[in-house]
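**Student:** for reference, the sequence and a predicted model appear below.
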Amino acid sequence: MPNPPHLQVPLRARCPSAALLTLLALAATSRAADWEMSLDTRLVSSDAGRSFMDGGLGATRYDRNDSGAQLGRARFALTASLGELWSAHLDAYAWDDKDRSPVGVTEAYLQFRPYPRAGYRFRLKAGAFYPPISLENRAAGWESPYTLSYSAINTWLAVEVRTIGLEGQLDWLGTRTGHDFDLGLTAGAFGWNEGAGVVLASDGFMLHDRQTPVFGRVGQPGAAPLGAVEPFQQFDGRAGGYAGVEGRWLDRVVLRVLRYDNRADPTAMDFVSGAIAWNTRFNSAGLRIESGTGWTAILQWLDGETLIAPPGMQLQWPFRAQFALLSKRFGRQTLSARYDRFEVETNVPDGDGWQIGHAFTAAWLFDADAHWRVALEWLRVRSYSYYRTEVAGPPLATETQLQLGVRYAFGSGVR
């Protein structure tokens, strides 16, 4: 059975690109804007296999050739008020990891938030942003306040999933009317996500903190099994959608459930490049509990499948992942531990893309002040990947990564 065709479409002029430029222009002319810049440097020790951005099957961001000083990320963020009800948001990053452009935009959107009325609050977002799935990545820039590397679930979202479209949210504010809880409904419609699923089918789940820029690529040209793929593209003329519900109890307990379906036509092809649309759909559920003494516990679950249907066949990759995180805040310090399990199955006869594994993460973060943060993280991933037998040796690998990170942030939004 041949390996599934990958999505390798050249970056073209697209309507969303013009929208991002318009957003930047609006933000630049705004009178009320907060901006932030940060530089995150890392000292890394890793014995992992070749990393995914180099075309390898390593399950961590850095591999054995990356040990030493590295750029974690450089970030620029802008939030601008456009009158009383509208605002513009931008997040741009530099990763220094052989992407086609040294700087990329991970989120850029307009938001409309009218005043609450009769106990209800509405919000509308338009642009490029993350769907409301993660209970872990809640810090600025869709980062985690608990660890340097994200869970397997949220790493995949960072690599392949983005809403490029519209999202509406309606909240019933029960806590403002004498109740102990709030309820919210969310629905989104989007395009340009027909590539979501190819990384799971080729590289499987990973644990890192590298977010794919909008219209960026993953991997390197000609580097099997992934190559250079682009998750964010549109050529079948169909829109995807998601819907979810969220419950909050006194802002201490959050329960979130969501159904996602990019509705891609798995038979559709871009005849210029030979790319096939990946139909990816999943259910997610998460629970976050916080105490008044600094404890946080998070449980998150994801279950779905991605498939393509080239002429004469239908290839499927069911996937699932779960993690449990426990964190404790001590003044300016945070100690966190997380356990992940993940699996990708397949109906391909020779097992192309099959993966199973688990990971342990331990991290210590110290916020010296509003500008400086120091982080130390230990991550160990043990996984079995079918593709390693073809391109990288033994299928079973235990990979360990140790990171010391120092971040400095400044700007009008840093307080």
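**Tutor:** Structure received. Numbering: from 1, shown residues only.

**Student:** residue 342 and residue 301 touch, don't they?
**Tutor:** No. Residue 342 lies out of contact with residue 301 (Cβ atoms under 8 Å); the separation is 11.1 Å. Placement of C-beta: from N, CA and C, glycine included.

**Student:** for the residue most central in space within the chain, which three-state class applies?
**Tutor:** Of all residues in the chain, the one closest to the mean position by Cα atoms, centre = their mean is residue 158, 1.7 Å from it. What DSSP: H, G, I helix; E, B strand; the rest coil gives for residue 158 is helix.

**Student:** so that it lines up with my notes, have the first residue be 8 from now on.
**Tutor:** Okay, using 8 as the starting number, the last item reads as residue 165.

**Student:** so what pairs up with the residue nearest to residue 55 when sequence neighbours are not counted in the strands?
**Tutor:** In space, and not counting its chain neighbours, residue 55 is closest to residue 406: 3.8 Å by Cβ to Cβ, 6 or more residues apart in numbering. Beta bridges link residue 406 to residue 388, judged by DSSP bridges.

**Student:** for residue 406, what are its contacts?
**Tutor:** 53-56, 65-67, 387-390 (Cβ atoms under 8 Å, 6 or more residues apart in numbering).

**Student:** who wins on neighbours among these?
**Tutor:** Highest neighbour count within the contacts of residue 406, by other Cβ atoms under 10 Å: residue 66, with 32 neighbours.

**Student:** what's the distance between that one and residue 335?
**Tutor:** To residue 335, residue 66 is 27 Å away according to Cβ to Cβ, to the nearest Å.

**Student:** related to what we said a few turns ago, contact partners for the residue nearest to the centre of the chain?
**Tutor:** Per Cβ under 8 Å, 6+ apart, neighbours of residue 165: 144, 149, 157, 216-219.

**Student:** mind redoing it with 10 Å?
**Tutor:** 113, 137, 141, 144, 149-150, 157, 213, 215-219 (Cβ atoms under 10 Å, 6 or more residues apart in numbering).

**Student:** residue 44 too?
**Tutor:** Contacts of residue 44 (Cβ under 10 Å, 6+ apart): 81-85, 99, 415-418, 420-421.

**Student:** quick check: the farthest pair among these?
**Tutor:** Greatest spatial distance among the contacts of residue 44 (Cβ to Cβ): 85 and 415, at 18.3 Å.

**Student:** which one's more surrounded, the two?
**Tutor:** residue 85 (23 against 14).

**Student:** who has more neighbours out of residue 349 and residue 308?
**Tutor:** Taking other Cβ under 10 Å, residue 349 and residue 308 do not tie; residue 349 has more neighbours (28 against 15).

**Student:** where's the more buried one, which helix or strand?
**Tutor:** Using DSSP states H and E, residue 349 falls within strand 340-351.

**Student:** next step: the contacts of residue 44 restricted to strands.
**Tutor:** Among the contacts of residue 44, the ones falling in strands (DSSP state E) are 81-85, 99, 415-417.

**Student:** what about the closest residue to residue 183 other than its chain neighbours, how many neighbours?
**Tutor:** Among residues not flanking residue 183 along the chain, residue 126 sits closest, at 6.2 Å (Cβ to Cβ, 6+ apart). As a burial measure, residue 126 scores 14 neighbours (other Cβ under 10 Å).

**Student:** average pLDDT for stretch 225-244, rounded please.
**Tutor:** Averaged across stretch 225-244, pLDDT comes to 83.

**Student:** how about it, which residues are buried there?
**Tutor:** Across stretch 225-244, burial judged by 16 or more other Cβ atoms under 10 Å covers 225-227, 230-243.

**Student:** what does stretch 325-333 give?
**Tutor:** 326-330, 332.

**Student:** closest to residue 358 among these?
**Tutor:** residue 326 (14.4 Å).

**Student:** residues contacting that closest one?
**Tutor:** Residue 326 neighbours (Cβ under 10 Å, 6+ apart): 159, 163, 204, 207-208, 211-212, 287, 289, 309-313, 349-353, 360, 362.

**Student:** what about residue 91, how many neighbours?
**Tutor:** 9.

**Student:** export the ones in strands among the contacts of residue 44 to TSV and tack on pLDDT and distance to residue 91?
**Tutor:** Formatted as TSV, those follow (pLDDT from 0 to 100; distance: Cβ to Cβ, whole Å):
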residue	pLDDT	distance to residue 91
81	96	33
82	96	28
83	97	26
84	97	22
85	96	19
99	96	26
415	97	34
416	97	28
417	95	28
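
**Student:** let me have those residues in JSON lines, extended by distance to residue 298.
**Tutor:** Below are the ones in strands among the contacts of residue 44 laid out as JSON lines (distance: Cβ to Cβ, whole Å):
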{"residue": "81", "distance to residue 298": "35"}
{"residue": "82", "distance to residue 298": "30"}
{"residue": "83", "distance to residue 298": "35"}
{"residue": "84", "distance to residue 298": "30"}
{"residue": "85", "distance to residue 298": "34"}
{"residue": "99", "distance to residue 298": "36"}
{"residue": "415", "distance to residue 298": "31"}
{"residue": "416", "distance to residue 298": "28"}
{"residue": "417", "distance to residue 298": "32"}
